[in-house]
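Engineer: Here is a sequence together with a model predicted from it:
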Amino acid sequence: MTRRVKRTVALTLAAASTGCSGEQSALAPTGVEALAIDPLFWTATWVGVLVTLMVVVLVSIALYGPVSWRARLGSDWIVIGGGIVLPIVVLTVLFLYALFIMQANAVRSQEAGDEAVTIVGKRWWWEMTYTTADGEKVLSANELRLPVGRPVRLRLESDNVIHSFWAPQLAGKLDMIPGRTNEVVVEATEAGISRGQCAEYCGGAHALMAFYVVAMPPAEYDAWLAREAEPAQRPKTGQQARGHDVFMQNGCGGCHQVRGTAAQGLIGPDLTHVGSRHSLAAGMLTNDPEAFARWITDNQHIKPENLMPPFRQLSEEELSSLAVYLDSLE
Amino acid sequence: MREEELPNTLPRPEGELEGLRRAWAPPKGFRLITAVNNQVIGILYIGAAFLFFILAGILALIMRTQLAMPESELVSQDFYNQIFTVHGTTMMFLFSVPVVEALGVMLLPQMLAARDLPFPRLSAFALWAYVVGGLVFFSTVFYDLAPKGGWFMYPPLTLTEYSPGHNADFWLLGIGFIEISAIAGAIEIIVGTLRTRPPGMTLARMPIFAWAMLIFAAMIMIAFPAVILATMLLEIERAFGWPFFTADKGGDPLLWQHLFWFFGHPEVYIIFLPAAGLVSMMVPAMAQHKLVGYRLIVVALIATGFFSFGLWVHHMFTTGIPSLSLGFFSAASMAVAVPSGIQVFSWIATIASSKQRFRITTPSLFILGFLFIFTVGGVTGVMVALVPVDFQVHDTYFVVAHFHYVLIGGMVFPLFATFYYWIPMASRNMLSERLGRWVFWLMFIGFNVSFFPMHITGLIGMPRRVWTYPSDLGWNTLNMVSTVGAYILAAGVLLFIIDLFLRYRPTMSGGVGNPWNAGTLEWLPGDAYSSRSIPYVTSREPLWDQPNLSRDVEEGRYFLPGAPTGGRETIVTSPVDARPQYIIRMPGAGWSQLVAAIFMAGFFLLLSVKLVVPALISAFIFIIACIVWGWKLDHGPDKGPVDIGAGIILPTYMSGHRSHAWWAMMVLIVVASSLYLAYLFSYLYLWVVSPEVWAPQGSPDLPGIFWPIGTGLLVIAGAAAITVGGRLLPAPGRRRAAFVPVFGLGATCFLAALVAEFWGHWASGLRPTMNAYGAMVYMASFLNLQVIAACTMLAGFSIARYLTGKLDNVRRVNFENAAQFYYYAAAQMLLGLVLLHGFPRVAS
């Protein structure tokens, strides 16, 4: 099958459900590793379909076939041929194909440069640390930005329970295990946004631990990273300034960092540029002031058991100022 | 055998049949709970397992209802996490393994024309411990106490820090007694298949199901100890903070995964092999033709058992292990497709060889459905064995689809075929063939509608174990379809239950004869005593090849047509060629195994909720019940040899390596060795991960070399004293004053060695909570303590038997059991000394 046809099949399968883009689909790869796995997957699928059809046909013959056909089927040789020779041949070929892909992947990983992002699985969000060209660490969260066409090393870690990092359109998944650092090299092949999700059950809100992958043209990416490295914007309007004060007075800085302010907490996600992210609460909410307000007061409903307490004591005015301030942190 | 050559002549003496009937009559009324007849225990056991299937199935329906629509709030996140954990745990531990053991208890003695399994009370014990413990465990979902770490319970999520409360303990301890139950069943099945076959049934004539059960039991012996060790380690870390799995202190969360999957993967084949064995019994009956490729199937079963221990890492492909291991385990995972292929093609070949045409009955439909579903599951199994593909589909709904195809297809469909096929053996009515077809089609269609779409759901991104999902990812319709399918499947199961209520009427007196005209011995006419006489078997399908066999067996013309010792008994034959060796005298109904079972379950469950004192009281009652139970088992040779027919005179007592007790103890020793090997693996594994915490650099210096040498000498002295004790056993009716002191000295040496080993490390300043090394060192002492505690009780029991005149140099099985286990303990302790004192010295 040509790639175009396969792509169509994949998208039809996804579209059969809702007609949406399938933005977390392993069948619509937009990364080098995912693209390498795709043909192996389809080969194995078609082999599987053929084997299943063969069994169905043979059983039908065994049940209803003419006597002479049945007599031929009813021998030890069928068992040896179908049960031993056939699987050994087919499986050896598939196995070698898989080894070849793994080997190519290993070579690609070795040849990749030093550009790296460290991602730490948290309960239930993702801490991302980028490194700028001059070696400065830039803390961010819940969104992986990538330069198209440039391999990036992802260092996957955890300081709590086991998580698994999976952005299916980019690559296969790899676990984040306390005490270890796992590495995978990813390379986006086209600009665009796709979604990923924690794939190892990590208790509580495991189902609600997602993130977005934003693949950008390299120049745009470099510009973005430079901006990301800067401290937070100062409040520009009165309401934003009011929000900033609410943020500081209510102890938000105990857990969250907003670089350039007194807020230096490292327990929760870094909020220095939270306003420019694609989503809030690890892929749970769209990023706008209303969502901030909802999250602050109602987060235990949006993401049950998450480690942030709800702040219901805030007045309407305080809450909206805070939301506007956070939204302004672009 | 020609008629005039049959072992026994007609007419049979008056009262012979009545004697047999009296010996085997199960108790009536409420006392039925004290029964030990395999046909009673088997039915209760299957019924209990089926109940858990229904209960876990209801949880599945709740989950499917929750997932029918995106962002649904029908159940809470926390409750969902509990029920998916309990669904998986119940299906694996409380349904699949027990139902297979139950079928073994029910069918094996009948297929082997044995009067019962060799340890009837052990089966009853396994059943009741499982029923009590299982029900309590399951009930935790009703009061928010259910574990929620997934059925695989990965730490650190399941450590106290991330799972406070008793929920996880219910899994760890609650599953403990089910593991004990499974091992009890394995002992029963191994000794049963190897030693209680009818004369003439060589291994090469053994029914495939018996082969499958033999391999099943062998796999349990090797696989279950790994998970038993894992649960001990995790519970100890939770309760006392020994850091086996905490990376900061040199532990490793992956140690759990290795131990768990070393059990967990074989577990799949533990479930599948017996089901395949059942299919290999039913296909020939429906084809009216012997199984094509019998020998190949036996080889395939053994190969599957063997390969299944080399696959565990394929559950860990995404943990970041080196690609060389990935390649090896991927190849091994694919290799296991070969033996499955052999079986599938053997069945196809047998169907093709049918005498007329393959009969399409309800069991046949379920078998054909199984062939289709299992093939699809096998094919997707090959896909997930391809490492790069697994990187994508691992922990997604694709895998959920895959293993339900393997487990429901490979096990539940054959099980329903089994119900329809064998119920006529134990019921006055057959089940309805008309309803049966509805049951099949509802289940088959419902299953595929439910699970086939999940392949796609997973590929387009849906992970497993999520209680809800967003509406904009394209998963909505597929999930709705899966839910509809689940309800269709459930309707099929419900219809089956209705059919059971309408038509199933249990009986022990032979059921409805041999409705499928099958060729194996379970279709002999019989009663509570199984078949009237025990046939001499000359082929794999005796009922097809030995004309008049049923009539001659029923008339008592074969072996052991009565109950010559007045109690329950069956013939023990040699393990390979099934030559009669002796008559085993078996216990009848009793309370002790029931009390033991209830209080053992009580011990584990009370410990789960940290009620330590009641737990200890429970344990005490359990031990007392075991002593009462064991006290009556060793009859000694008080009844002389008996004539079973054809001039064969068999003894009614046996000691030494021919005795069934010796075989059972050997099985237990294999289990204990597997456990200790799993410990050795864990020790070395953690050393590879964190050599920096090992002595002498990362921990206090090892105790001086005189400590292990002294301890080793104590162990050797103990073993020698026990050997001498055996020589000192007096002739029957005589006394030998030296026996108790010498044997007691041996036991004391072992206790002293245990203390010395512990104290040496303690005095060095090492503590178990310090780091993973300390935890591992004291874990060795903990494992020694377990074995020595059991040994000491066996020694005390033997001494009590001697003092009451029930132990001498003929009636010596109690002593032999204790001695065998002491020799094992000596080996374990010496190996431990070499490891704990030698390895760090060499490795540093």
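Structural biologist: Great, that's in hand. Note that this is a predicted model, so its numbers are computed, not measured.
Engineer: quick one: secondary structure of residue A:119?
Structural biologist: strand (DSSP: H, G, I helix; E, B strand; the rest coil).
Engineer: cool, residue B:737 as well?
Structural biologist: Three-state assignment for residue B:737 (three-state DSSP): coil.
Engineer: Tell me who's in contact with it.
Structural biologist: By CB atoms under 8 Å, 6 or more residues apart in numbering or on different chains, the contact list for residue B:737 is empty. Bear in mind the C-beta positions are built from the backbone N, C-alpha and C, glycine included.
Engineer: Check for me that residue B:73 belongs to a strand.
Structural biologist: No - using three-state DSSP, the secondary structure at residue B:73 is coil, not a strand.
Engineer: List phi and psi for it.
Structural biologist: Note on residue B:73: backbone dihedrals following degrees, to the nearest 10 are phi -120, psi 30.
Engineer: Can you report how many residues lie near the residue nearest to it when sequence neighbours are not counted?
Structural biologist: Distance criterion CB to CB, 6 or more residues apart in numbering or on different chains; nearest residue to residue B:73, sequence neighbours excluded, is residue B:468 at 7.8 Å. Residue B:468 sits with 18 neighbouring residues when counted by other CB atoms under 10 Å in any protein chain shown.
Engineer: touching chain A at all, the helix or strand hosting residue B:235?
Structural biologist: Assigned by DSSP states H and E, residue B:235 belongs to helix B:208-240. No - applying CB under 8 Å from any CB of the partner chain, one finds helix B:208-240 separated from chain A by no less than 13.7 Å.
Engineer: Centre of the chain to that helix, how far?
Structural biologist: The chain centroid and the centroid of helix B:208-240 are separated by 8 Å, computed with CA atoms, centre = their mean, to the nearest Å.
Engineer: what's downstream of it, the next helix or strand?
Structural biologist: Scanning forward in sequence from helix B:208-240 by DSSP H and E, the next helix or strand is helix B:253-287.
Engineer: when you scan the longest helix along chain A, is anything in it near chain B?
Structural biologist: Longest helix of chain A, by residue count under DSSP state H: helix A:32-64. Yes - using CB under 8 Å from any CB, helix A:32-64 reaches chain B at A:33-34, A:36-37, A:40-41, A:44-45, A:47-48, A:51-52, A:55-56, A:58-59, A:61-64.
Engineer: Select only the buried ones of those in ChimeraX?
Structural biologist: Applying 16 or more other CB atoms under 10 Å in any protein chain shown to the residues of helix A:32-64 next to chain B leaves a buried subset, and the ChimeraX line that selects it is:
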select /A:33,34,36,37,40,41,44,45,47,48,51,55,58,59,61,62,63
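Engineer: The helix or strand encompassing residue B:307 - contacts with which helices or strands?
Structural biologist: According to DSSP H and E, residue B:307 maps onto helix B:294-307. Where contact means 3 or more CB pairs under 8 Å, 6 or more residues apart in numbering or on different chains; DSSP states H and E, helix B:294-307 is packed against helix A:76-80, helix B:208-240, helix B:253-287, helix B:337-352.
Engineer: So residue B:515 sits against residue B:422, correct?
Structural biologist: No - between residue B:515 and residue B:422 there is no contact under CB atoms under 8 Å: 10.5 Å.
Engineer: ok so residue B:643 is a helix residue?
Structural biologist: No - under three-state DSSP, residue B:643 sits outside any helix and is assigned strand.
Engineer: Report the spatially nearest residue to it, omitting neighbours in sequence.
Structural biologist: Leaving aside its chain neighbours, residue B:643 sits nearest to residue B:649 (5.5 Å; criterion: CB to CB, 6+ apart).
Engineer: Could I get the buried residue list for the host helix or strand of that neighbour?
Structural biologist: Assigned by DSSP H and E, residue B:649 belongs to strand B:648-650. For strand B:648-650, burial by neighbour count (16+ other CB under 10 Å) applies to B:648, B:650.
Engineer: What residues of the next helix or strand after that strand count as buried?
Structural biologist: Using DSSP H and E, the next helix or strand after strand B:648-650 towards the C-terminus is helix B:660-689. Within helix B:660-689, the residues that count as buried by 16+ other CB under 10 Å are B:660-676, B:678-679, B:681-683, B:685-687, B:689.
Engineer: Stretch B:409-429 now?
Structural biologist: Counting neighbours by 16+ other CB under 10 Å, stretch B:409-429 gives B:409-427 as buried.
Engineer: What of stretch A:102-122?
Structural biologist: By 16+ other CB under 10 Å, the buried positions in stretch A:102-122 come out as A:102, A:105, A:112, A:116-122.
Engineer: if we can go back for a sec, how much space separates the residue nearest to residue B:643 from chain A?
Structural biologist: 43 Å (CB to the nearest CB, to the nearest Å).
Engineer: picking up where we left off before, what is the orientation angle of the helix holding residue B:235 with helix B:253-287?
Structural biologist: For helix B:208-240 against helix B:253-287, the angle by axes from the mean of the first three to the mean of the last three CA atoms, to 10 degrees is 160 degrees.
Engineer: ok, now which ones touch the residue sitting nearest the centre point of chain B?
Structural biologist: Residue closest to the average C-alpha location in chain B (CA atoms, centre = their mean): residue B:182, at 3.2 Å. Residue B:182 is in contact with B:97-98, B:101, B:126, B:220, B:224, counting by CB under 8 Å, 6+ apart.
Engineer: Kindly indicate which of those residues lies nearest residue B:535.
Structural biologist: Closest to residue B:535 out of the contacts of residue B:182 is residue B:101 (25.9 Å), distances taken as CB to CB.
Engineer: tell me the mean pLDDT over whichever strand or helix holds that closest one?
Structural biologist: Assigning secondary structure by DSSP H and E places residue B:101 in helix B:97-111. For helix B:97-111, the mean per-residue pLDDT is 96.
Engineer: Run through chain B and note the low-pLDDT ranges.
Structural biologist: Residues of chain B that meet the criterion pLDDT under 70 lie in B:1-4.
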